[in-house]
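1. Give the three-dimensional model of this entry:
(one chain, ligands or ions: 1)
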Amino acid sequence: MTDRDTIAAIATPAGAGGVGIVRLSGPRAKPIGEGIAGRTLIARRAAYARFRDSDDAIIDDGIALYFAAPASYTGEDVVELQAHGSPAVLHQLVDRCCALGARRARPGEFSERAFLEGKLDLAQAEAVADLIAASDVRAARAARRALEGEFSRRVEAIADAMLRARVHVEAAIDFADEPIDTLGGPQLQADLSAIADALDVLLRDAEHGRRLRDGLHAVIVGPPNAGKSSLLNALAGRDRAIVTDVAGTTRDLLHEAVRIDGVELTLVDTAGLREGGDAIEREGMRRAHAELERADLAIVVLDARDPAAGREAVAAAALGAPAQLWLLNKSDLLPDAGGEPPVGVPGDALAVSALTGEGLEALHARLRALAAGEAGATDGAFTARARHVDALRRAAAGLAQARGELVRDSLDLAAEALRQSHDALGEITGRVHADDLLGHIFSSFCIGK
Ligand code: GDP
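-> A predicted model of the protein is given here:
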């Protein structure tokens with residue numbers, strides 16, 4: 001795009017070393033940069049310069065770097081002015097860029113341009129944001145891998161295999177008088193089965209990557225008055241939930257994000273999972289169950305004095321989550337905590353007291369261990385977003401449907417399901433595949449009609 005305007009922004013604020021970077025991108029980046037630096041800029045050559053204001057006063061001195069399109073981060077002409085100024089100096093530089101014809105960049109606009117110029121795909125552009133926001137080394141490393149295209153490459157490999165399968169099915173439709181077996185039906189089924197396997201593994205890794213980015217999603221469940229809200233407050237460190245003595249009053253789901261060692265735990269306090277109840281309570285239960293199905297971990301809270309109360313209903317509900325952590329709360333009210341766990345409660349249940357804080361350190365440690373196990377830094381881990389996981393799930397569902405339709409010999413329906421599955425994958429990287437299909441059909445099959 002040639003008619004794009006030129007944008008400017010502080011790319012890196014002045015850090016501890018006192019160096020900050022103002023970045024310009026767009027067709028006028030070079031003349032504007034040269035106007036400020038007062039000298040000609042040569043691509044990829046660091047130029048020492050005095051950065052001057054309109055009245056020739058020196059704003060700061062530093063290094064000007066010019067990257068000629070398309071060999072730059074955004075794919076456009078880019079100039080970076082490295083100054084060792086305070087924030088005030090950097091703002092002055094941006095103002096000067098704007099006076100010379102640039103405009104202030106919106107958040108993410110450099111990455112957006114990189115995407116539009118084909119320098120980054122969508123998943124990579126998102127990884128840039130994740131890298132910047134990464135709260136610990138592990139998350140940063142994973143974002144870096146996503147940025148390098150690890151995730152995108154795997155999505156693309158599956159999308160390519162799917163494209164070949166689509167070509168196969170479309171061809172079978174064109175040669176409808178030939179049974180699909182003579183067109184390599186068993187081969188097609190084998191290919192689709194391999195794609196489904198690869199998609200399964202990628203989906204698992206993406207879910208893992210989503211947790212690396214968003215943290216473990218935990219849901220607190222337990223009978224009314226077990227102390228769920230109190231525990232939430234104790235973990236969150238402030239009065240977030242409303243604690244009352246009347247059973248069944250915590251009707252709303254309260255979302256609270258707690259950061260422990262760089263891992264985000266979203267605690268969802270649910271309405272007491274009480275049998276029966278009024279319409280509002282039933283709605284609360286419905287929502288609690290829905291939350292549990294989306295959760296990575298159910299934190300089951302029972303009253304240590306009466307662990308049998310509500311245990312069965314809660315245990316059944318907690319099975320909706322892939323992992324459970326059991327707590328026996330109000331340990332301060334038991335004369336003698338410890339010893340054998342009560343009937344129906346796992347042996348590794350923790351005795352805690354939201355009131356006195358007893359056992360909370362152990363609870364923190366357990367959560368950390370669970371989070372590390374769930375989202376541990378394995379080689380090849382990359383960050384992913386809920387959007388990616390959702391797209392992969394839809395791709396897997398479409399693929400499963402296509403395989404079913406093929407077994408029933410419904411080629412048209414299979415082709416349509418495969419198209420939807422393929423499109424879902426394309427959403428992740430932001431590439432459109434619709435036109436590719438025709439090209440592939442013509443180039444690889446030479447049908448000639
Ligand atoms: P929820 O219905 O499960 O959310 O339970 P709440 O957090 O509202 O707690 C119910 C009652 O138990 C309140 O009166 C709390 O103060 C009390 N409670 C909660 N945790 C503890 C605890 O560890 N020890 C004692 N003694 N009381 C607690």
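
2. need the contact list for the residue most central in space within the chain.
-> Centroid-nearest residue in the chain: residue 385, 1.8 Å away (criterion: CA atoms, centre = their mean). Contact analysis of residue 385 by CB atoms under 8 Å, 6 or more residues apart in numbering lists 126, 210, 213, 214. C-beta here means a position set from N, CA and C on the backbone, and glycine is covered the same way.

3. From the residues you listed, which land in helices?
-> 126, 210, 213, 214 (DSSP state H).

4. Could I have the CA atoms of stretch 192-205 written out in PDB?
-> Presented in PDB, the C-alpha positions along stretch 192-205 are these (Å, rounded to 0.1, in the frame of the first residue of the first chain):
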ATOM      1  CA  LEU A 192      -7.900 -37.700   7.400                       C
ATOM      2  CA  SER A 193      -7.100 -39.900  10.400                       C
ATOM      3  CA  ALA A 194      -3.500 -38.600  10.400                       C
ATOM      4  CA  ILE A 195      -4.800 -35.000  10.200                       C
ATOM      5  CA  ALA A 196      -7.200 -35.600  13.100                       C
ATOM      6  CA  ASP A 197      -4.300 -37.000  15.200                       C
ATOM      7  CA  ALA A 198      -2.100 -34.000  14.400                       C
ATOM      8  CA  LEU A 199      -4.900 -31.600  15.200                       C
ATOM      9  CA  ASP A 200      -5.500 -33.400  18.500                       C
ATOM     10  CA  VAL A 201      -1.900 -32.900  19.600                       C
ATOM     11  CA  LEU A 202      -1.900 -29.300  18.400                       C
ATOM     12  CA  LEU A 203      -5.100 -28.600  20.300                       C
ATOM     13  CA  ARG A 204      -3.600 -30.000  23.500                       C
ATOM     14  CA  ASP A 205      -0.500 -27.900  23.000                       C
END
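
5. So what touches it?
-> Residues outside stretch 192-205 that contact it (CB under 8 Å, 6+ apart): 154-155, 157-158, 161-162, 165, 380-382, 384, 389, 392-393, 395-396, 399-400, 402-403, 406.

6. swap in stretch 333-353?
-> Identification of contacts with stretch 333-353 by CB under 8 Å, 6+ apart yields 231, 302, 304-305, 307-308, 311-312, 315, 324-332, 358-360, 362-363, 366.

7. how near is the residue nearest to the centre of the chain to the ligand?
-> Look at residue 385 and the ligand: by CB to the nearest ligand atom, to the nearest Å, they are 31 Å apart.

8. now the strands for the stretch 1-150 of the chain?
-> For the stretch 1-150 of the chain, applying DSSP state E, counting those that start in this stretch gives strands covering 7-12, 20-25, 47-52, 58-67, 78-83, 103-104.

9. quick one, which of those strands is packed in tightest?
-> Highest mean neighbour count among the strands of the stretch 1-150 of the chain (mean count of other CB atoms under 10 Å): strand 20-25, with a mean of 27.

10. Reformat the ones in helices among the contacts of residue 385 as TSV; add pLDDT and distance to the ligand.
-> Formatted as TSV, these follow (pLDDT from 0 to 100; distance: CB to the nearest ligand atom, whole Å):
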residue	pLDDT	distance to the ligand
126	79	36
210	82	28
213	75	29
214	71	25
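
11. who wins for most neighbours among these?
-> residue 126 (26 neighbours; other CB atoms under 10 Å).

12. Now do the contacts for that residue.
-> 146, 385.

13. Closest one of the ones in helices among the contacts of residue 385 to residue 143?
-> residue 213 (7.6 Å; CB to CB).

14. Neighbours of the nearest residue to the closest one once chain neighbours are set aside, how many?
-> For residue 213, ignoring the flanking residues on the chain, the nearest one in space by CB to CB, 6 or more residues apart in numbering is residue 383 at 4.3 Å. The tally of other residues near residue 383 (other CB under 10 Å) stands at 34.
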